[in-house]
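# Pasted the sequence and its predicted model underneath.
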Amino acid sequence: MDGLRRHKSMFLLPGLLTLFLIIIFPLLFTIRVSFSGWNVSNPQMDFIGGANYTAMLDDSRYWASITRLILLAGGTVLIQYLIGFGMALLVWREVLGRRFWRVLFLVPMMTTPVVMAAIWQTIFHESLGPVNDSLGMLGLSEIPWLTESGPALFALKTVEVWQWTPFMFLLLLAGLLSLPKEPFMAAAIDGAGTWRTFWKVTFPLMAPVSVAAVIIRLIEASKLSDSVYVLTSGGPGSSTETPGYYLYIQGLRDQQTGYSGAMSLTYLVLMIVTLTVVAALLTRALKLKGDS
């Protein structure tokens, strides 16, 4: 028996080593770097204590990017959930061309985010883009989509919703297809209409899948940087910067390695705490909805 346990441990060893190499070691190395003054002019791991963290507390640009991301991610994920749920409900039942629509809805997700952002950059181009051309044909004035902060944020939200609503659709459709038929049969026998069946049966049964889908998308949205890089480069000014893009600026472009390490660790902790709280609140809210 002891020999069997020993051999089982040996089979786990490759996975544990891989976990250490890709997660544990980089995390420990980043912690060490965050307490160093490593930058472009001082590429050394000298210990400077909490100087990087003190500087980070006074970095208004960093905290503004976090606030911006919270609003951006919260708004886009909510829209993705609503549209994705609606699309999933449309093709859940027997409809004409159901398989065709299911595949068509997934097309945006199959495209690389950088490529998709480049396409949308052309679409929102002020003088050559079809959006402003359409506004001109309607007699409306052109909008500087990528050179003013408000329109630029709207353009970024549009790209995110277009790109990732299919992912939400896929998860929610899988959840709908796995629901048991008995509650719906009972609702039909009781004479419940479509709307009442949705609120009293479908939506409560979909609560676990809904929470999982929203949390997964929030995790992905917290890493938003590639679309920002291609679409607006954080501009105009820093009005569309996200923490991921700001970390790229400090760590890779400006080579402030120690400072970017401190920011990345702080951001990691903030996201873990925030997403844990959000998951708990969503679970509780949907549970209360199901009990009502």
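Here it is on my side, so go on.
# Give me the below-cutoff pLDDT ranges for the stretch 51-200 of the chain.
Within the stretch 51-200 of the chain, the segments meeting pLDDT under 70 span 94-95.
# what about 50?
Applying pLDDT under 50 to the stretch 51-200 of the chain flags no residue at all.
# Quick one: the helices in it, in order.
For the stretch 51-200 of the chain, the helices defined by DSSP state H, counting those that start in this stretch cover 51-57, 60-92, 98-105, 107-110, 113-123, 130-137, 149-177, 182-189, 194-197.
# separation between the most centrally placed residue in the chain and L106?
Residue closest to the mean C-alpha point of the chain, counted by C-alpha atoms, centre = their mean, is A221 at 1.8 Å. Relative to L106, A221 is positioned 19 Å away (C-beta to C-beta, to the nearest Å). (C-beta placed from N, C-alpha, C; glycine too.)
# ok, now V161?
15 Å.
# Tell me which of the two has more neighbours.
Counted by other C-beta atoms under 10 Å, V161 and L106 do not tie: V161 has more neighbours, with 19 against 14.
# Against P236, how distant is the more buried one?
To P236, V161 is 21 Å away according to C-beta to C-beta.
# The longest helix seen in the chain vs helix 60-92, what angle?
Ranked by number of residues, the top helix in the chain under DSSP state H is helix 257-291. Orientation check (axes from the mean of the first three to the mean of the last three C-alpha atoms, to 10 degrees): helix 257-291 against helix 60-92 gives 40 degrees.
# Show me what helix 257-291 is packed against.
On a contact count with 3 or more C-beta pairs under 8 Å, 6 or more residues apart in numbering; DSSP states H and E, helix 257-291 meets helix 25-34, helix 51-57, helix 60-92, helix 203-205, helix 207-221, helix 243-248.
# so of those, which one's packed in deepest?
Ranked by mean neighbour count, those are led by helix 243-248 with a mean of 22 (mean count of other C-beta atoms under 10 Å).
# Remind me what that helix packs against, helices and strands.
Using 3+ C-beta pairs under 8 Å, 6+ apart, the elements in contact with helix 243-248 are helix 60-92, helix 226-231, helix 257-291.
# ok, residues contacting it?
61-62, 65-66, 69, 222-225, 228-229, 234, 238, 260, 263-264, 267 (C-beta atoms under 8 Å, 6 or more residues apart in numbering).
# Of those, which count as buried by neighbour count?
Buried by 16 or more other C-beta atoms under 10 Å: 62, 65-66, 69, 222, 224-225, 228-229, 234, 238, 260, 263-264, 267, out of those.
# which one of the residues you listed is nearest V114?
Distance to V114 across these (C-beta to C-beta) is lowest for Y229, with 7.8 Å.
# what's the nearest residue to the closest one if we skip its chain neighbours?
In this structure, Y229 finds its nearest non-sequential neighbour in Y245, 6.2 Å apart by C-beta to C-beta, 6 or more residues apart in numbering.
# where's the one you found relative to L104, distance?
In terms of C-beta to C-beta, Y245 sits 31 Å off from L104.
# cool, and P113?
As judged by C-beta to C-beta, P113 and L104 stand 19 Å apart.
# Please say which of those two ends up with more neighbours.
Using other C-beta under 10 Å as the criterion, P113 and L104 rank with P113 on top: 18 against 12.
# pretty sure that one is in contact with V228, am I right?
No - with contact defined as C-beta atoms under 8 Å, P113 does not reach V228; the gap is 10.2 Å.
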